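Participant: quick one: sequence and predicted model below, then my questions.
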Amino acid sequence: MIRIYEKETNLQSCCWLKVAAGTTGKHGGDRGHGCLTVIEIINDNCDFGVEILKKDGVKNGVRIVMGGDQELDAITEAIEFILAKLKPEAKKDYYEPTRINNP
């Protein structure tokens, strides 16, 4: 089993978001090689919407829509948090064997 090491934070102002980001790190290829990255943004009380985008009936994207000044601040802070957690992993050439959790 591959374990994803997630980091999370709560962003609180007039708009509250919970943000989590994690990755197994690079494994030398696509998902079949073991690399998996997860990003979660959970709305607590923001003007927040999510749309699944489709092309020719196939899901191919996500649109996040936020309304308001505090929501702009919150999503900006969320993106900065996500980048701070994922960028160091993306810069590594390949995974570190200790990152794999074999039950």
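Facilitator: Received it, and whenever you're ready, just let me know what you need. Owing to the predicted nature of the structure, the values given are computational and were not obtained by experimental measurement.
Participant: name the helix or strand for the spatially most central residue of the chain, please.
Facilitator: Nearest to the mean C-alpha position of the chain, counting by C-alpha atoms, centre = their mean, stands Ile39 at 1.6 Å. Assigned by DSSP states H and E, Ile39 belongs to strand 37-43.
Participant: try Lys54
Facilitator: Per DSSP H and E: strand 48-55 holds Lys54.
Participant: what helices or strands is that strand leaning on?
Facilitator: Counting by 3 or more C-beta pairs under 8 Å, 6 or more residues apart in numbering; DSSP states H and E, the packing neighbours recorded for strand 48-55 are strand 58-66. The C-beta positions use only the backbone N, C-alpha and C, and glycine is treated the same way.
Participant: return the set of buried residues in the next helix or strand after the strand it packs on.
Facilitator: Using DSSP H and E, the helix or strand that directly follows strand 58-66 along the chain is helix 69-91. Of the residues in helix 69-91, those buried by neighbour count under the rule 16 or more other C-beta atoms under 10 Å are 70-71, 74-75, 77-78, 81-82, 85-86, 89.
Participant: distance to Ser13 added to the residues you listed, as CSV?
Facilitator: Below are the buried residues of helix 69-91 laid out as CSV (distance: C-beta to C-beta, whole Å):
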residue, distance to Ser13
Gln70, 5
Glu71, 10
Ala74, 7
Ile75, 12
Glu77, 9
Ala78, 12
Phe81, 14
Ile82, 18
Lys85, 21
Leu86, 24
Glu89, 28
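Participant: most widely separated two among these?
Facilitator: Gln70 and Glu89 (29.8 Å; C-beta to C-beta).
Participant: if we can go back for a sec, how far off strand 58-66 does the strand holding Lys54 point, in degrees?
Facilitator: Here strand 48-55 points in a direction 160 degrees away from that of strand 58-66 (axes from the mean of the first three to the mean of the last three C-alpha atoms, to 10 degrees).
Participant: run the chain-centre distance for strand 48-55.
Facilitator: For strand 48-55, the separation from the chain centroid amounts to 16 Å (computed by C-alpha atoms, centre = their mean, to the nearest Å).
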